[in-house]
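[1] quick one, what's the 3D model for this:
(2 chains)
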Amino acid sequence: MSYVVQRLLTFPLILLGVSILVFVSIRLVPGDAITAMLGTEAGLLTPAQRASLASYFGIDQPIWSQYLRWLSGLVQGDLGISSIYGKPVLTVILERFPLTLQLSLMAMVIALGIGVPLGVLAASRNERPSDLIVRVLAMLGQSTPSFVVGVLIIYVLSVWFGFVPAMGTFTPLLTDPLASIGQLIFPAITLGFAFAASVTRIARSSMLDVLSDDYVRTARAKGVTPRSVIWRHALPNALIPVVTLSGVEFGYLLGGAVIVEQIFALPGLGRLVLDAITQRDYALVQGTVLFIAFNFLVVNLLVDLAYVALDPRIRIGGR
Amino acid sequence: MIRISPTKILAGLALATALTAVSTALPAQAASLRMAWSQDATGLDPHKQTAFSSLRLLELIYEPLVRLDAELNVVPAIATSWEFAPDAKTLTFSLDPNAKFSNGAQVTSADVKASFERLLNEETAAAARSNFLSIESIDTPDDVTVTFHLTTADVPILVAMATINAAILPASEIAAGTVGTTALGSGPFKLDSWEPNAKEVLSPNADWAGGTVGVDGITISVLPDETAILASLRAGQTDFALLNDPLVATLVPMESNLVLNRVGQLSYNVLQLNPSRPPMNNLKVRQAMSCAIDRQAIIDAALAGEGKVTGPLTMPAFAQDPSSLFCYTQDLDKAKALMAEAGVDGFTAKVIAATGEPPVAASEAQVLQSQLAEIGIKLDIEMMELNVYVDTWLAGNFDMAVAQNGGRPDPYPMYNRYFTKEGNLVKVSNFTDDELDSLMKQGQAETDPAKRVEIFHSFESRLAELSPWLWLSTGYNYTAQLKTVSGFEPSPTGTLFGLTKVTVE
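    Now for the predicted structure:
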């Protein structure tokens, strides 16, 4: 328990570092909210007009003053107002988060559902044709960018089957589960495709290690069936690296699958942060990145705790 | 007996589930138009917005005094008639007494006056303000008459008023400071909801003085990837779409259920030189570059043939045959001779271009790079994110820039900003010339249309000869629609006002 508290206590420090980094870096990029809104027409503004707009967007103060003002709001739970949406940043983020969460979970289910069995299959048939096929497929999956898979899926669906998933908006799971899953299934396959390949490779190599352990040999010697050796004895131990990989990957996914959300026009966190950067909505960029960093920290903590559940030999906190 | 493999059954089931899910997600919309575009509007204040999508959205909600038809003639909008005084220093409008805002309030001369006062107020930060600086005062003798008194003869101001950047807003909204947060206009549609970067929902404005529209409403979805827009059209899930990428647009005619609308646009692709930097400050070097490039080859290679060679003036009423302009036929011998006369034996320059804006920018830069290498000019291409590009461009911090600049229906507002001594963007063009200045002033004051064309022909010829920029091509505005959609009239300005006549079967 004290380990969890210790980890939680580090969160504010890490988030403070992230906030400074993102606050400064987004302002170092040339262009601002004024050029983002007016494009080249911004050159027609008089100094007074420019000053008026700078004041409107809150970029008329020195950077340290802007940061302190933002930080004091943050301490009170106020992430600022998005200039694109005209709404509190937190409200915008929470509107977008359910899609990203659902998409990430679906991609995880697909990746683990395909990757773990394939990895186990390959390991149990080491160096045989089926192992070779799985390894080639895994290489292919890892080396095919998601924008290729996404565009191919959309192309095949529209040309061969005459339909595309609903794009542009999102139907929440609780509003209409079938429509919601139907809308996200193809983006989730796109996302899960490369991830499944990584899971397959990790599961295979981990399984190969475990299968050569003494306790597996002992189980075999005692006459335990091959199926039981693999699924009951070897798999739980082989899953530990998969859990690590899944935790890290899930953390990334919660940051928004920018490319997939862009291709399938899904209003998730990835597209939100991309639009915010493009349109130089500083408050929204800062708020979203901070939110993503927080998610990442929480997921990592949960992964560490999951080790204990999977392997009682591991004792976190050094005890 | 036919055997069906379990894999096929599973695939079929998955597809059926997905199809059911999708059809559930998209309820049938009888005569509503489902539209898509790749870039969303960036705001609702018509005086401040300059982004293409913002203007297209706001043109459906607001109205200016006059608008341009598909042939770029000035036609009535809120004003039914207008008249310049013989000295072109007074412009009087008669307003349509039936014109109403979508809340039912009549559009009066007070609204017109308040709107232009807002435009001219520096605090508003209206980009189009520079087009209206000649307005000295505004009289409103009655509810339906407005007289603009100008400090100087200013004929192009009428065309400048025909844009949504000069929209008439309710004086009450201006006073309340709610412009931009609400969208209360007198146009054909009302904005029911707007979810930025996701979708807009419009419904007909029953009070619109222009009559009734042919659809029950318009739902605009933002689909950032244009191949996804094409897929959505192909699947019949989008009725009408705006396309920017010529490579995607050329795929539309291959689909049996789709129609492509293509109309020449006013904006132009150009290689901007920076004549403040050597050796581009040498006239002969600039002219050599103009002679060295093959404009048609750039169109064929970079734009998939989707464009036509243009001089500086892109509006049909003023444009000359480009072949009559200086060195518009590639002449490498002449180019090399000019370089020799300039005493320049090749040089290296950095050319900036924006990623995806226009979609063909990188390809254009590459073809230019290969063509200019023929006369010893080595171009280093630097692709930039749009905002970074804009920032660099506005600072004039480039040797050369591949650009797509917006056109105007009149040459004066199009080039006054760049090539006259008072122009706001001379810091970008870094080029002025006494003769160009004089021709521009004549064109501003002249009221005889034929004489204006003559003046601007001289302006165009002179500009092409001095070659501060190398004008390349104009492309097309593309819209694509299902065959069940009819009645849309495209315009060179790109306006979607033609949607007022659209019907969906």
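
[2] count the residues that sit near whichever residue of chain A sits closest to chain B.
    Closest to chain B within chain A is residue A:182: 1.9 Å, counting by CB to the nearest CB. In this view, the C-beta of every residue, glycine as well, is placed from N, C-alpha and C. Residue crowding around residue A:182 was assessed by other CB atoms under 10 Å in any protein chain shown; the count is 22.

[3] quick one, helices of the stretch 301-450 of chain B?
    Ranges of helices in the stretch 301-450 of chain B, per DSSP state H, counting those that start in this stretch, are B:332-342, B:361-372, B:386-394, B:411-419, B:426-429, B:434-445, B:449-466.

[4] who wins for proximity to residue A:77 among the ones you listed?
    Checking these against residue A:77 by CB to CB gives helix B:386-394 as the closest, at 30.2 Å.

[5] orientation of the closest one relative to helix B:361-372 in degrees?
    With axes from the mean of the first three to the mean of the last three CA atoms, to 10 degrees as the basis, helix B:386-394 and helix B:361-372 are set at 50 degrees to each other.

[6] on that earlier part again, tell me which of the helices of the stretch 301-450 of chain B sits nearest to chain A.
    Per CB to the nearest CB, nearest to chain A of the helices of the stretch 301-450 of chain B: helix B:386-394, 3.1 Å.

[7] tell me what the closest one is packed against?
    Counting contacts by 3 or more CB pairs under 8 Å, 6 or more residues apart in numbering or on different chains; DSSP states H and E, helix B:386-394 is packed against helix A:33-38, strand B:347-354, helix B:426-429.

[8] mean pLDDT lowest for which of the ones you listed?
    Here these differ in mean pLDDT, and the lowest is helix A:33-38 at a mean of 82.

[9] wait, does that helix contact chain B?
    Yes - shown here: helix A:33-38 in contact with chain B (CB under 8 Å from any CB of the partner chain) through A:35, A:36, A:37, A:38.

[10] what's near enough to touch the third one?
    Pointing back at residue A:37 there. A:53, A:279, B:42, B:43, B:48, B:49, B:50, B:51 (CB atoms under 8 Å, 6 or more residues apart in numbering or on different chains).

[11] for the second one, same thing?
    Under the criterion of CB under 8 Å, 6+ apart, the neighbours of residue A:36 are A:278, A:279, A:280, B:42, B:387.

[12] tell me which of the residues you listed is nearest to residue B:245?
    Checking the contacts of residue A:36 against residue B:245 with CB to CB, the nearest one is residue A:278 at 17.4 Å.

[13] re the thing from before, pretty sure the residue of chain A closest to chain B sits in a helix.
    Yes - applying DSSP: H, G, I helix; E, B strand; the rest coil, one finds residue A:182 inside a helix.

[14] go ahead and flag the most central residue of the chain.
    You didn't pick a chain, so chain A it is. Nearest to the mean C-alpha position of chain A, by CA atoms, centre = their mean, lies residue A:253 at 1.1 Å.

[15] wait, chain B was what I had in mind.
    Taking CA atoms, centre = their mean, the centroid of chain B lies closest to residue B:406, which sits 5.0 Å from it.
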